[in-house]
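Novice: need the 3D shape of this:
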Amino acid sequence: MTSMLVAREGYQPAPIPTPPAELTSRITSFLFFESALLDDWELNEWLSLFDDEGRYQVLPLQYLESSNPKNSLYLVSDDNTRLKTRIRHLLEKSALAEVPRSRTRRIISNIRVLEHKSGIVRVKANFVIYQFRNLQSWEFVGETSYKLRERQGALKILERITRLDHESMASQRRISIIV
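Specialist: So this is what the prediction gives:
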């Protein structure tokens, strides 16, 4: 029996990027910490992870590379000011979409450090979020791209772009949590 993974003659696999272990460890810890803050509804603390210029976006479900928030209907496209308003509303008791408040569990995987230069780190990670409320549950699956800035020894989020893998939101009905 021959292997299905036979290399073509002359084929050279692309080198696998290997960022320094210390950087990968820092990024992984940062993303796990971010997930814990969101699961614990520590939204003000989560907001403090953002740079003053930070942006949070959730792409349209049928996203095209040519799409941008100025001419496409993003599910979320928040600058820092809008994100602060979103967090304030989510934490208010009058946020009817979250009464009672959901419980969530996030699973983060396949964390990849794509680039690190000039104090900017580009990262991608896959996720599954389980949301529970009123004897119902929903799942969100996708990938988040981060642009992180190193400032005074800390990482700050410059850009957090979430791409959901769903073709429809019919089973989820809405997004009432940070994805």
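Novice: contacts, neighbours, all on C-alpha from now
Specialist: Will do.
Novice: buried residues in stretch 139-157?
Specialist: For stretch 139-157, a neighbour-count test (16 or more other Cα atoms under 10 Å) marks 140-149, 155-157 as buried.
Novice: farthest pair in the residues you listed?
Specialist: 140 and 149 (26.8 Å; Cα to Cα).
Novice: show me the contacts for the residue nearest the centre of the chain.
Specialist: Centre of the chain computed as the mean C-alpha position; nearest residue by Cα atoms, centre = their mean is residue 144, 3.4 Å away. With contact set as Cα atoms under 8 Å, 6 or more residues apart in numbering, residue 144 has these partners: 124-127, 160-163.
Novice: part of a strand, is it?
Specialist: Yes: counting by DSSP: H, G, I helix; E, B strand; the rest coil, residue 144 is part of a strand.
Novice: tell me how far it lies from residue 150.
Specialist: Distance of residue 144 to residue 150, given as Cα to Cα, to the nearest Å: 19 Å.
Novice: before we move on, what about residue 126?
Specialist: 22 Å.
Novice: what's the answer for residue 114, then?
Specialist: Per Cα to Cα, residue 114 is found 15 Å from residue 150.
Novice: before we move on, the earlier item: beta-bridge partners for the residue nearest to the centre of the chain, please?
Specialist: Listed by DSSP bridges, the beta-bridge partners for residue 144 are residue 125, residue 162.
Novice: now the one 4 residues further on
Specialist: Beta-bridge partners of residue 148, counted by DSSP bridges, are residue 121, residue 157.
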